[in-house]
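Novice: no FASTA, just this:
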């Protein structure tokens, strides 16, 4: 900085390049992990509303038999984009937002390891999301291939398919960069005395998730690149006419796709492992076993992929292997649920909104896990494959598992992030409306599926009408309930009461109570800056 004196002896700063940007430029150029965390969370919420609107179109069409609102091609585009936007645009960025906000604070780091890359990995996302939405306006419309983008369907789609492939590449780049950043931060930037086995569980779940992302995302990139070259450059990876194999695509996709569902759920486990101890006023039961269970789930997630493919003509030995491996993954998951229940056992429980969402998660995720166990059995899955039973199963895991957890996390850390309290009564309304309408929407889909209703169809026989009507009514209720969430957050940001220093009374220092030694600093204070 060079200061010069004017004729009156006042110092003037000549170096104006160092002023801190304000307004829009602050957000575009920020390298502050908290700003970036907030942008991830807002972006994921916008994408959640967009993907939700698409789900509303799907449910409106299925309200009664016959074709009402949209033509079948557009319906297929809706199911495809709803899946892609919810998985890559809503759920994953939400938990990366939590990671950005919390990991540096929880391990006592000044910021993320690669602050500029952190900014870049966020700003790729809006462009990727725009590409997905732009594909609707291309000749031939958005691809109607399902979020799994199976060959050979992809070879017959228009230019919207290419935009989708490019979007998936960008989303994958963002995820890989975010993961490298998170892993590096956790391994290299912990405060003195913060050993790995003293970290809050949220950090552990993200460390493991980071490795999963780095290992599986390039596989998806390879699959969509092969799809692209099949479409435009005359290769025949998945084209049977040229000696390729469409089932090969499924193997490559699900080798990514199965770890992906754990990438979505593991950070959610981390959030729950912070919230349940806080509202039980007890340390987490079985900290070490939670860490090992998380790692076991991650390792096993790479050897179960073909349970999505029992109906592709797999040899019985293959079916048996994937069936046993899939059943095995229920063990570490059950250990986690046991630990959460044991944490609450004889605790001094209180039921504020974050705890309600955590308990909703516990109940619904366990149910989704049980229907997953049902589907893991090859003989049963061959009957239920591609029916609404599968749709019910993964929405119980994804919506109740990931979305409810994200809500719980926002309510839990909101006072810490903003210094303001949300309206507790409205928060409870949000929980109960979401919980009731979620079950009205998805519980009945088990029945449609058992009766044989296929998924991804715009029309259906009269026999399925009743459950579809109920499901559609529930989905509109669920969608509208999320507007209440937006209202709660905006109201709290605008005029929320000042949050007390310890927002959850009696749960003040519980982020750290599993530590055998005194914590390096109090969890609700700002971390020390490491020299």
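Specialist: Okay, I see it. The model shown is predicted, which means the values in this text are computed figures rather than measured ones.
Novice: can you give me the helices in the stretch 101-250 of the chain?
Specialist: Secondary structure of the stretch 101-250 of the chain by DSSP state H, counting those that start in this stretch: the helices cover 115-134, 159-188, 201-232, 246-280.
Novice: Now do the residue nearest to the spatial centre of the chain, the pLDDT please.
Specialist: By Cα atoms, centre = their mean, the chain has its centre lying nearest to residue 91, at 2.6 Å. In this prediction, residue 91 carries a pLDDT score of 96.
Novice: could you list every residue that touches it?
Specialist: Listed by Cβ atoms under 8 Å, 6 or more residues apart in numbering, the contact set of residue 91 reads 44, 264, 398, 402, 403, 406. No exception for glycine: its C-beta is placed from N, CA and C like everyone else's.
Novice: Please determine how far residue 346 is located from residue 289.
Specialist: 19 Å (Cβ to Cβ, to the nearest Å).
Novice: Neighbour count: those two, which is higher?
Specialist: The neighbour comparison of residue 346 against residue 289 (other Cβ atoms under 10 Å) goes to residue 289, with 15 against 9.
Novice: Quick check: the more buried one touching residue 335?
Specialist: Yes: counting by Cβ atoms under 8 Å, residue 289 does reach residue 335; the two are 6.1 Å apart.
Novice: Next up, the contacts around the nearest residue to residue 199 once chain neighbours are set aside.
Specialist: Leaving out its chain neighbours, the residue that sits closest to residue 199 by Cβ to Cβ, 6 or more residues apart in numbering is residue 107, at 6.2 Å. Residues near residue 107 by Cβ under 8 Å, 6+ apart: 185, 186, 189, 190, 191, 194, 199, 203.
Novice: Buried residues in stretch 60-68, which are they?
Specialist: By neighbour count on 16 or more other Cβ atoms under 10 Å, the buried set for stretch 60-68 is 61, 62, 63.
Novice: oh, I was asking about stretch 426-443
Specialist: Neighbour counts over stretch 426-443 (16+ other Cβ under 10 Å) mark 426-427, 429-431, 433-435, 437-443 as buried.
Novice: Check stretch 29-42 too.
Specialist: 30, 32, 33, 35, 36, 37, 38, 39, 40, 41.
Novice: got it, and stretch 474-493?
Specialist: Residues of stretch 474-493 classed as buried by neighbour count (16+ other Cβ under 10 Å): 474, 475, 476, 477, 478, 479, 481, 482, 485, 488, 489, 492.
Novice: you'd agree the first one is up against residue 445?
Specialist: Read it as residue 474. No: applying Cβ under 8 Å, one finds residue 474 not in contact with residue 445, separated by 9.7 Å.
Novice: What is the helix or strand residue 437 falls within packed up against?
Specialist: Assessed by DSSP states H and E, residue 437 sits inside helix 424-450. Here helix 424-450 is seen to pack against helix 353-376, helix 388-398, helix 404-418, helix 465-495 when contacts are counted using 3 or more Cβ pairs under 8 Å, 6 or more residues apart in numbering; DSSP states H and E.
Novice: right, so of these, which gets closest to residue 179?
Specialist: helix 404-418 (18.3 Å; Cβ to Cβ).
Novice: which one is residue 404 nearest to, not counting chain neighbours?
Specialist: Closest to residue 404 by Cβ to Cβ, 6+ apart is residue 361, at 4.6 Å.
Novice: contacting residues for the one you found?
Specialist: 268, 272, 400, 401, 404, 405, 408.
Novice: again, only this time at 10 Å
Specialist: Contacts for residue 361 (Cβ atoms under 10 Å, 6 or more residues apart in numbering) come out as 268-269, 271-272, 275-276, 340, 400-408.
Novice: For stretch 431-443, what does the pLDDT average out to?
Specialist: 98.
Novice: can you give me how far it is from the chain middle?
Specialist: Remark: stretch 431-443 is offset 19 Å from the chain centroid, using Cα atoms, centre = their mean, to the nearest Å.
Novice: number of nearby residues for the nearest residue to residue 274 once chain neighbours are set aside?
Specialist: In this structure, residue 274 finds its nearest non-sequential neighbour in residue 202, 5.4 Å apart by Cβ to Cβ, 6+ apart. Neighbours of residue 202 under the rule other Cβ under 10 Å: 25.
Novice: Roughly how far does residue 202 sit from residue 273?
Specialist: In this view, residue 202 and residue 273 are 7 Å apart by Cβ to Cβ.
Novice: same thing with residue 326?
Specialist: As for residue 326, its distance to residue 273 is 24 Å (criterion: Cβ to Cβ).
Novice: what does residue 504 give?
Specialist: The gap separating residue 504 from residue 273 is 15 Å, by Cβ to Cβ.
Novice: Settle it for me: which of these two has more neighbours?
Specialist: More neighbours surround residue 273 than the other of residue 504 and residue 273, with 25 against 20 (other Cβ under 10 Å).
Novice: Spit out the contact partners of the more buried one.
Specialist: Residues in contact with residue 273 (Cβ under 10 Å, 6+ apart) are 200-202, 204-205, 284, 287, 290-291, 294, 336, 339-340, 343, 358, 514.
Novice: how close does it sit to residue 290?
Specialist: Residue 273 is 6 Å from residue 290, by Cβ to Cβ.
Novice: Spit out the residues that contact those two alike.
Specialist: 201, 204, 205, 284, 336, 339, 340, 343, 514.
Novice: could those be laid out in CSV, adding distance to residue 353, pLDDT and neighbour count?
Specialist: Formatted as CSV, those follow (distance: Cβ to Cβ, whole Å; pLDDT from 0 to 100; neighbours: other Cβ atoms under 10 Å):
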residue, distance to residue 353, pLDDT, neighbour count
201, 21, 96, 23
204, 25, 97, 22
205, 22, 97, 27
284, 20, 95, 22
336, 22, 97, 21
339, 23, 97, 18
340, 18, 97, 25
343, 19, 96, 21
514, 24, 42, 22
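Novice: still on that earlier bit, for the contacts of residue 91, name the two members farthest from one another.
Specialist: 44 and 398 (13.6 Å).
Novice: Please identify every residue contacting each of the two.
Specialist: Residues touching both residue 44 and residue 398 by Cβ under 10 Å, 6+ apart: 86, 90, 91.
Novice: Among those, which one sits closest to residue 112?
Specialist: Nearest to residue 112 out of the shared contacts of residue 44 and residue 398 is residue 91 (Cβ to Cβ; 20.7 Å).
Novice: Of the contacts of residue 361, just say which sits nearest to residue 496.
Specialist: Comparing the contacts of residue 361 against residue 496 with Cβ to Cβ places residue 407 closest, at 16.8 Å.
Novice: And the closest residue to the closest one other than its chain neighbours, how close does it get to residue 384?
Specialist: Closest residue to residue 407 apart from its sequence neighbours, by Cβ to Cβ, 6+ apart: residue 357 at 4.9 Å. Counting by Cβ to Cβ, the gap from residue 357 to residue 384 is 29 Å.
Novice: which of those two has more neighbours?
Specialist: residue 357 (29 against 20).
Novice: Could you check stretch 104-112 and say which residues are buried?
Specialist: Residues of stretch 104-112 classed as buried: 104, 105, 106, 107, 108, 109, 111, 112 (neighbour count, 16+ other Cβ under 10 Å).
Novice: could those residues go into JSON lines alongside pLDDT and distance to residue 171?
Specialist: Shown next, in JSON lines, are the buried residues of stretch 104-112 (pLDDT from 0 to 100; distance: Cβ to Cβ, whole Å):
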{"residue": "104", "pLDDT": "96", "distance to residue 171": "24"}
{"residue": "105", "pLDDT": "95", "distance to residue 171": "26"}
{"residue": "106", "pLDDT": "95", "distance to residue 171": "26"}
{"residue": "107", "pLDDT": "96", "distance to residue 171": "27"}
{"residue": "108", "pLDDT": "95", "distance to residue 171": "31"}
{"residue": "109", "pLDDT": "95", "distance to residue 171": "26"}
{"residue": "111", "pLDDT": "95", "distance to residue 171": "24"}
{"residue": "112", "pLDDT": "96", "distance to residue 171": "19"}
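Novice: now these as TSV including distance to residue 79?
Specialist: TSV is the format used below for those (distance: Cβ to Cβ, whole Å):
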residue	distance to residue 79
104	38
105	39
106	38
107	40
108	45
109	41
111	40
112	36
